[in-house]
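Asker: Any chance you could fold what I've pasted below:
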Amino acid sequence: MNRTVIALLVACMTWTGAASAGEPRARDLGVPFHGTPGPLNAITDVPGVTIGHVTLIEDLPDDRKVRTGVTAILPRGRQSIDTPVYAGWFALNGNGEMTGTTYMDELGQIDGPIMLTNTHSVGVVRDAVIAWRVRAGPADPSGYWWSSPVVAETWDGDLNDVNGFHVRPVHVDRALDEAKGGPVAEGNVGGGTGMICFDFKCGIGTASRRVDHSGRQYSVGVLVQANYGSGARELLRIAGVPIGQLIGPDTARNATGSDTGSIIIVVATDAPLLPHQMKRIAKRAALGLGRTGSYAANGSGDIFVAFSTANPAALQGKPLADSSSIGNGYLDPFFAATVEATEEAIVNALVAARDMQGMDGHVVRALPHDMLSELLKRHGRYQAPH
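Answerer: I've put the predicted structure just below:
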């Protein structure tokens, strides 16, 4: 059995286990949050959004450890091939990479999926997305299969053989082809497989909020690939409680006391919002990040993107396009929803992650669930699960 087959089998097992209904999330441990989540409390509460993960976990004969993967977010599911979405992005601190951003600035839209992976796999993922687009759908209105994919990264080199370039086009294809709605696997999955937060194991997390406006209900969903705060456990705050200080440092991790690492935050909504409004939404993700203790340190790549699945008819290349939008003066509930869902998505990533051993014997422990619940109770912040 070759390495690719082994990796894909592991990916299947990881998806099934991580998506199990028995896996606790932050609310199950008594973490209180503001706002009303959607039925899944996930980015897939936004109609049409689909998610695909391919998780690569393998121990190679030369003692290298593969702990990486790729995550695909399709804003309109399979229709993302044909119909763009209005979008905007924001870099709180730019020590990282997200491709396709100049195109997004110029046209105010994203054509196709958003991909998350490790730092040194951005190139292969970008090229694979273009090849997938050429195979999967017709040419654009100009007659070309032109695209500028959005691919973002965080560094997993502490646990993963990042210079082994283990993410390959076949993994990208699978993440895209098998993307689906419904519950979203979190923690050590997809692009988040080898990620770390505040010297705890971290990775993928998601959450959502409902927003009522003018008699209609909209959804705001967030998905994060969280890998920040390495070396700065004392900064971690959950529900306002200094959890990192109270648990104390992981001396085995040889923490440096400086906040390094990165986070990619993807915000989705079905509310009719225009590109400049999506950029405003993307900026508010920074406030949810700050609630967990981050200060966007020099070494951190804190890059956010937001899109709206509304106005599909306006994005089909017609000579005259009419779009509707919520007025700027009515956006406050959407700003609040973004902040709340971002905070919860990050904590969900921490709660879902599990202990992992990787390169050079490095071991990263997961956030201890019992201790988290006990500390919340001790500080009067525990909220019994419904």
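
Asker: So which residue is dead centre in the chain?
Answerer: The centroid of the chain falls nearest to Val224 when counting by C-alpha atoms, centre = their mean (2.5 Å).

Asker: pLDDT wise, what is that one at?
Answerer: For Val224, the pLDDT comes out at 99.

Asker: same question, the one 5 residues further on
Answerer: The confidence metric pLDDT takes the value 89 at Gly229.

Asker: thought it was touching Tyr295?
Answerer: No - look at Gly229 against Tyr295 with C-beta atoms under 8 Å: they stay out of range, at 9.5 Å. All C-beta spots, glycine's among them, are computed from the backbone N, C-alpha and C.

Asker: of those two, who's got more company?
Answerer: Neighbour count, other C-beta atoms under 10 Å: between Gly229 and Tyr295, Gly229 has more, with 29 against 14.

Asker: hmm, back to that, does anything pack onto the host helix or strand of the residue nearest to the centre of the chain? Which helices or strands?
Answerer: Val224 is part of strand 216-230, with elements assigned from DSSP states H and E. In terms of contacts (3 or more C-beta pairs under 8 Å, 6 or more residues apart in numbering; DSSP states H and E), strand 216-230 is packed against strand 65-78, strand 150-154, strand 196-197, strand 204-213, strand 260-269, helix 275-291, helix 332-352.

Asker: Can you tell me which of the ones you listed is most buried?
Answerer: Sort the helices and strands packed on strand 216-230 by mean neighbour count, taking mean count of other C-beta atoms under 10 Å, and strand 196-197 sits at the top with a mean of 30.

Asker: Check which element follows that strand along the chain.
Answerer: strand 200-201.

Asker: Please state the offset of that following strand from the chain centre?
Answerer: Centre-to-centre, strand 200-201 and its host chain are 16 Å apart (C-alpha atoms, centre = their mean, to the nearest Å).

Asker: Nearest to Glu97, out of the helices and strands packed on strand 216-230?
Answerer: Closest approach to Glu97 among the helices and strands packed on strand 216-230 (C-beta to C-beta): strand 150-154, 5.3 Å.

Asker: what about Ala131, neighbour count?
Answerer: 14.

Asker: Start the count at 4 instead of 1 going forward.
Answerer: Let's use 4 as the start, then, which means that last one is Ala134.

Asker: Next, count neighbours for the nearest residue to it once chain neighbours are set aside.
Answerer: Nearest non-adjacent residue to Ala134, counting by C-beta to C-beta, 6 or more residues apart in numbering: Pro172, 6.6 Å away. Neighbours of Pro172 under the rule other C-beta under 10 Å: 14.

Asker: which stretches of this protein form helices?
Answerer: Here the chain has its helices, by DSSP state H, at 6-21, 104-110, 125-139, 172-180, 246-250, 278-294, 335-355, 372-381.

Asker: I'd like the average pLDDT over the fourth one.
Answerer: In this model, helix 172-180 carries a mean pLDDT of 98.

Asker: Dump that helix to CSV, keeping only the CA atoms.
Answerer: Listed next in CSV are the C-alpha coordinates belonging to helix 172-180 (Å, rounded to 0.1, in the frame of the first residue of the first chain):
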residue,chain,number,x,y,z
PRO,A,172,-3.0,17.8,-5.8
VAL,A,173,-4.8,14.6,-5.1
HIS,A,174,-5.5,15.8,-1.6
VAL,A,175,-6.8,19.2,-2.8
ASP,A,176,-9.1,17.4,-5.3
ARG,A,177,-10.5,15.2,-2.6
ALA,A,178,-11.2,18.1,-0.2
LEU,A,179,-13.0,20.0,-2.9
ASP,A,180,-14.9,17.0,-4.4
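
Asker: No more questions from me, cheers.
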